[in-house]
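Engineer: Sequence first, predicted coordinates after that:
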Amino acid sequence: MLLQGELVRLRALEPEDAEKLYEWVHDPEVGRWMTNGHPRSLAQLRKRAEERPVNTYDSVVLGIEARGQRLIGVVDLRDAEPEIGEAELDIYIGDPEFRNGGGYGTEALRLMCRYGFNNMRLHQITLWVVAENEVARHVYRKVGFVEEGRHREAFVAQDGTRHDMILMSMLKGELKW
Ligand SMILES: CC(C)(COP(=O)(O)OP(=O)(O)OC[C@H]1O[C@@H](n2cnc3c(N)ncnc32)[C@H](O)[C@@H]1OP(=O)(O)O)[C@@H](O)C(=O)NCCC(=O)NCCS
């Protein structure tokens, strides 16, 4: 199956996932190098989960499941532009047991990119990553993303410090499995 790998499976998010998403969006380890916005209440996240629109070409948000249907993170492809065939990717592994070393994020990225190229017929997938986020940059390079440029001091961390962001992209045919 297309969204099933050896370690993870990607599936649509359910309203019951709201509690875990609440935990993760407020976890400083997850959010260290991510643009998070202002704190949100559990009630707001529950409401959003209940009202989540169906996945469409414009925005595909999928939960990452591992080991017996345990939700461990989220990956999405958003803001797809049909004229160009380009969309932007975001990913995080929220569950600390599955982060940094098990290969879960790597496989989820590959499955999502394959879905983007094969099913959504994308030509290019882009993403932004903070320059200091070495783990993410390593994983992105490993699956085939290349660096395109640097947006200086464009990211403000939780402690108020500014950091450069790197634009990366992958073209159809460049995905490394
Ligand atoms: C980035 C992220 C999605 C990667 O997923 P993951 O499941 O943790 O990563 P994996 O286990 O698949 O791979 C980790 C890789 O980083 C490598 N790594 C670990 N520490 C590293 C470091 N300090 N510098 C460079 N590479 C490092 C590991 O060796 C491994 O590579 P390998 O398989 O080639 O040996 C995940 O760590 C995460 O969600 N981080 C927090 C949120 C985030 O930063 N999201 C991305 C925002 S752009």
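Structural biologist: Received the coordinates, thanks. Numbering: from 1, shown residues only.
Engineer: who in the protein is up against the ligand?
Structural biologist: By the rule Cβ under 6 Å from any ligand atom, the part of the chain lying against the ligand is 30, 33-34, 91-93, 99-106, 129, 133-136, 138-139, 142. Where you see a C-beta, it was placed from the backbone N, CA and C, and this is true even at glycine.
Engineer: For the helix ranked longest in the chain, name the packing helices and strands.
Structural biologist: The residue-count maximum for a helix in the chain (DSSP state H) belongs to helix 104-118. Secondary-structure packing of helix 104-118 (3 or more Cβ pairs under 8 Å, 6 or more residues apart in numbering; DSSP states H and E): strand 8-12, strand 59-66, strand 70-81, strand 86-93, strand 124-130, helix 134-143.
Engineer: returning to what we had before: which of the residues of the chain next to the ligand are buried, as a PyMOL select command?
Structural biologist: Here is the PyMOL command that selects the buried residues among the residues of the chain next to the ligand (16 or more other Cβ atoms under 10 Å):
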select buried, resi 30+33+34+91+92+93+99+102+104+105+106+129+133+136+139
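Engineer: List the contacts of the nearest residue to Asp27 once chain neighbours are set aside.
Structural biologist: Leaving aside its sequence neighbours, Asp27 sits nearest to Gly94 (Cβ to Cβ, 6 or more residues apart in numbering; 6.8 Å). Under the criterion of Cβ atoms under 8 Å, 6 or more residues apart in numbering, the contact partners of Gly94 comprise 20-21, 23-24, 27, 30, 72-74.
Engineer: Give me the pLDDT for the nearest residue to Asp76 once chain neighbours are set aside.
Structural biologist: What sits nearest to Asp76 in space, not counting adjacent residues and going by Cβ to Cβ, 6+ apart, is Val61, at 4.3 Å. Val61 carries a pLDDT score of 97 in this model.
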